[in-house]
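> pasting the sequence and the predicted model now:
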Amino acid sequence: MADSIRILITDDHSIVREGLHLILETVEDFTVVGEAADGSEAVSLSAELTPDVILMDLRMPKMDGITAIQHLQKEQPEVAVIILTTYNEDELMYRGLQAGARGYLLKDTGKELLFNTIRAAARGETLLSQEIMERVLSQKETEAEKRTGEIELTEREGEVLGAVAEGQTSKEIAYHLGITERTVKAHLTSIYNKLGVDSRAAAIAEAAKRGWL
């Protein structure tokens, strides 16, 4: 179908790629356009196949998933990346979100959450599970203490960031704060610049590290 979401699957295990392909091709609004066995192949195929969403494993030979995400953010920032991994590790989660991923899912995730995360990423939104969000918000690292206070957000920017952490869209934030969507986007741009990030997920992860959320 013309408006289907184009998906590239990246995993170094062929059985995982095949399983995901079989699951995703049963969904009417999904089209699997290709499969990659490592991060380097994912970057190359993404340029060739122009997917909307890439499902990205983290630990792979030749080029790992986080390095691939960093390359994609520079070369093809319009492509949404969702991390799909077996590794339930906070450090990998933070690094992936800070690199620009729009979601972080474990491979035992239910199909509906996987599908909803793909659709959200294709819309340019970030969808994190409740468990991942709680871990982001509760993380209290030494790095946070070191970095707290280096920069400050305005009161309105803090409200916008808090709404983003709750998963609200720009339209919802504008409605609740009584401002326009353009103003919300301006605040988000300012927040991203201050935090040195370029996505909602990365902003949430960075703000949590600073102890703001």
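Arrived safely, thanks for sending.

> quick one: Glu28 and Ile5, what's the gap?
Relative to Ile5, Glu28 is positioned 10 Å away (CB to CB, to the nearest Å). For glycine as for every other residue, the C-beta is placed from the backbone atoms N, C-alpha and C.

> which of these two has more residues huddled nearby?
Taking other CB atoms under 10 Å, Glu28 and Ile5 do not tie; Ile5 has more neighbours (22 against 8).

> now do the contacts for that one.
Listed by CB atoms under 8 Å, 6 or more residues apart in numbering, the contact partners of Ile5 are Asp29, Phe30, Thr31, Asp52, Val53, Ile118, Arg119, Ala122.

> kindly recompute the last result at 10 Å.
Counting by CB atoms under 10 Å, 6 or more residues apart in numbering, Ile5 touches 24, 27, 29-33, 51-53, 80, 115, 118-119, 121-123.

> who does it bridge with?
Beta-bridge partners recorded for Ile5 (DSSP bridges): Phe30.

> for the protein, which residues score under the pLDDT cut-off?
1-2, 134-150 (pLDDT under 70).

> residue most distant from the centroid, it?
The centre of the chain is farthest from one residue, Gly178, which by CA atoms, centre = their mean lies 27.3 Å away.

> how close does it get to Lys107?
42 Å.

> among the contacts of Ile5, which ones are buried?
24, 27, 30, 32-33, 51-53, 80, 115, 118-119, 121-122 (16 or more other CB atoms under 10 Å).

> with the residues you listed in mind, which one is nearest to Ala208?
Of all these, Ala121 has the smallest distance to Ala208: 20.1 Å, by CB to CB.

> and the closest residue in space to the closest one that isn't next to it in sequence, what does it touch?
Sequence neighbours aside, Ala80 is the residue nearest to Ala121 in space, at 3.7 Å (criterion: CB to CB, 6 or more residues apart in numbering). Contact analysis of Ala80 by CB under 10 Å, 6+ apart lists 5, 7, 51-54, 72, 100-103, 117-118, 120-126, 199.

> longest helix in this structure, by number of residues?
Determined from DSSP state H, the single longest helix within the chain is helix 181-195.

> restrict that one to CA atoms and write it as CSV.
The C-alpha trace of helix 181-195 is given here as CSV (Å, rounded to 0.1, in the frame of the first residue of the first chain):
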residue,chain,number,x,y,z
GLU,A,181,2.5,24.2,18.2
ARG,A,182,5.0,26.5,16.6
THR,A,183,5.9,27.9,20.1
VAL,A,184,6.2,24.3,21.5
LYS,A,185,8.6,23.4,18.6
ALA,A,186,10.6,26.6,19.4
HIS,A,187,10.9,25.6,23.0
LEU,A,188,11.9,22.1,22.0
THR,A,189,14.6,23.5,19.7
SER,A,190,15.9,25.6,22.6
ILE,A,191,15.9,22.6,24.9
TYR,A,192,17.7,20.4,22.4
ASN,A,193,20.4,23.1,21.8
LYS,A,194,20.9,23.5,25.6
LEU,A,195,21.2,19.8,26.2
